[in-house]
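**Student:** fold the following, please.
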Amino acid sequence: MAARVAAGAGGGGTLPLLDDLMPWAVRPLRTGRAWVTAPEAASLRARWDLLVRAEGAERERLFRPTRSRTPLLPAAALPGRTTGTSAFARDPGPYPEPVRILHGPFDEQWLIPDQRLLDAARPELWRVADGHQVFAVEHGYVPQDDGPALSATTLLPDGHSPAGRPGRIRPLYRRPGGREPNLAPGLPALLAARYGTPVTAESVLAWTLAAARPSPAGPLVPLPAGGALWATGVELGRELLRVQLRGARDGERPRLPGGRRPYVRAAVPPRPDGLSYDHGEEAIVLGGGRVSPVPAEAWEFRVGGVRMLELWAQRRTAAAEGLAAVGPRDWPRERTSELLELVTVLALLAGLRPRQRALREALEEEDGLTRDGLRAAGVLPVPASARRPASVLDHQEEGPEGQFALL
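**Tutor:** Got it, this is the predicted structure:
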């Protein structure tokens, strides 16, 4: 099996890639300027107001122009959003209400949804982002990293990678309303016949979360020989999905068992200078603040070799310049609540890792479905149309300078 995993970049007897199973993928967003995202929505409003009041060279300095976006360039409104489409310098328009996004793995932040401010906003993602959608986000490949190969979210993800080359964003559905699963044509029928159970888009995603492993070619997704192991992996994947979606489907936020839930033992000071971990007390130390109990497995939870808790704190305590420096003077209480939830999420995910390792070991002991098998069944190669966004013909979107286009 090790040889087959190592050959994941291609070949007949290799493990399937996520790209084989969920063929439509979108590159990560590219904002071009740090100030369009923030942990708190109020910071974005303050930054917008400063930019609107500025004039001439000062406005351009604050805007931080790039080759793709300057204050003098118009741009279309993002799908589902009503924003100005004229050049920002001429007519900023009303303030766009910010949207909640996933800024890299596990970090929920806010974004100004104005395409004039974003170098590459990926409108095709916005067209399918609704209450039915789930996005699978690849974490990119980093050698010797044993972190998860991907995660899932109902929020619009920007696909930012903590380290290494960013992966792709794969919507679970190709159309709004949970219509047209983003699966290789013929795959659900093939797996249903093989495992003796109905196979849905969410069950494929659940299996992928449980079984996928990183590779230079993208996440590898071993498919088992029989239905018993498939059912075990799907059940585990549904637990991983429930934790990562943070109540977006069932309304229940993730919780640790009583006695293991993290609490604030000492309040976080107004201006904490960094995050550390006290192994003896299982405590996160943020300035003079303390949060415990925090399992060591949650503290060590990494993606791309980067500790998620350290990265979360660094983004909220590091010095910034220009508009990105505009934010709360003191540490908001809401941040501490978000920290407690992040600890909970990472602790629960870490607690499921032994079951993931057992699943991986079971998969290594059997000959599952390979790319050759998918090819023989007619699932591969995937038609080119399945790798492109679905056509949207039932609504208009406002283009640059207010012109409408039918898509």
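**Student:** okay, CA-based contacts and neighbour counts for the rest of this
**Tutor:** OK.
**Student:** count the residues that sit near Glu334.
**Tutor:** Applying other CA atoms under 10 Å, we find 11 residues neighbouring Glu334.
**Student:** confirm it sits in a helix?
**Tutor:** Yes - remark: Glu334 belongs to a helix, assigned using DSSP: H, G, I helix; E, B strand; the rest coil.
**Student:** that one and Leu340: what is the separation?
**Tutor:** As judged by CA to CA, to the nearest Å, Glu334 and Leu340 stand 10 Å apart.
**Student:** with Arg61 instead?
**Tutor:** In terms of CA to CA, Arg61 sits 37 Å off from Leu340.
**Student:** neighbour count winner among the two?
**Tutor:** Leu340 (18 against 14).
**Student:** my guess is that one contacts Leu256. True?
**Tutor:** No - counting by CA atoms under 8 Å, Leu340 stays clear of Leu256, with 10.7 Å between them.
**Student:** from Ile101, how far out is the nearest residue to Pro171 once chain neighbours are set aside?
**Tutor:** Spatial nearest neighbour of Pro171, excluding adjacent residues (CA to CA, 6 or more residues apart in numbering): Phe135 at 4.4 Å. Applying CA to CA, the value for Phe135 to Ile101 is 11 Å.
**Student:** what do the two both touch?
**Tutor:** Leu155, Leu156, Pro157 (CA atoms under 8 Å, 6 or more residues apart in numbering).
**Student:** top of those by neighbour count?
**Tutor:** Pro157 (27 neighbours).
**Student:** pull the contacting residues for that residue.
**Tutor:** Pro28, Ile101, Leu102, His103, Gly104, Phe135, Val137, Ile169.
**Student:** next, count neighbours for the residue nearest to Ala120 when sequence neighbours are not counted.
**Tutor:** Of all residues not flanking Ala120 in the chain, Arg30 sits nearest, at 4.8 Å (CA to CA, 6+ apart). Arg30 has 14 neighbouring residues, counting by other CA under 10 Å.
**Student:** residue farthest from the centroid of the chain?
**Tutor:** Gly56 (36.6 Å; CA atoms, centre = their mean).
**Student:** what's the pLDDT at it?
**Tutor:** pLDDT for Gly56: 94.
**Student:** could you check how far it is from Ala87?
**Tutor:** For Gly56 relative to Ala87 (CA to CA), the value is 13 Å.
**Student:** how about Val345?
**Tutor:** Distance of Val345 to Ala87, given as CA to CA: 42 Å.
**Student:** more neighbours, the two?
**Tutor:** When neighbours are counted by other CA under 10 Å, Val345 and Ala87 differ, and Val345 comes out ahead with 23 against 19.
**Student:** isn't the more buried one right next to Pro254, touching?
**Tutor:** Yes - using CA under 8 Å, Val345 is in contact with Pro254, at 6.6 Å.
**Student:** anything in contact with each of these two?
**Tutor:** Contacts common to Val345 and Pro254, judged by CA under 8 Å, 6+ apart, are Val243, Arg246.
**Student:** not counting sequence-adjacent ones, nearest residue to Arg175?
**Tutor:** The shortest distance from Arg175 to any non-neighbouring residue, by CA to CA, 6+ apart, is to Val128 (5.5 Å).
**Student:** the nearest residue to Ala325 once chain neighbours are set aside: neighbouring residues, count only.
**Tutor:** Distances taken as CA to CA, 6+ apart put Ala319 closest to Ala325, at 7.1 Å, once the chain neighbours are dropped. For Ala319, the neighbour count with other CA under 10 Å is 9.
**Student:** from here on, call the first residue 33.
**Tutor:** Let's use 33 as the start, then, which means that last one is Ala351.
**Student:** Ala351 is in what secondary structure piece?
**Tutor:** Remark: Ala351 resides in no helix or strand, with elements defined by DSSP states H and E.
**Student:** and it, how far is that from Gly359?
**Tutor:** 11 Å.
**Student:** so where's this structure uncertain?
**Tutor:** Along the chain, segments meeting pLDDT under 70 span 33-45, 424-439.
**Student:** can you list the domains in it?
**Tutor:** 34-284+397-414, 295-386 (automatic domain parsing).
**Student:** kindly check the end-to-end length of the shortest one for me.
**Tutor:** What it means is domain 295-386. Length of domain 295-386, first residue to last, CA to CA: 26 Å.
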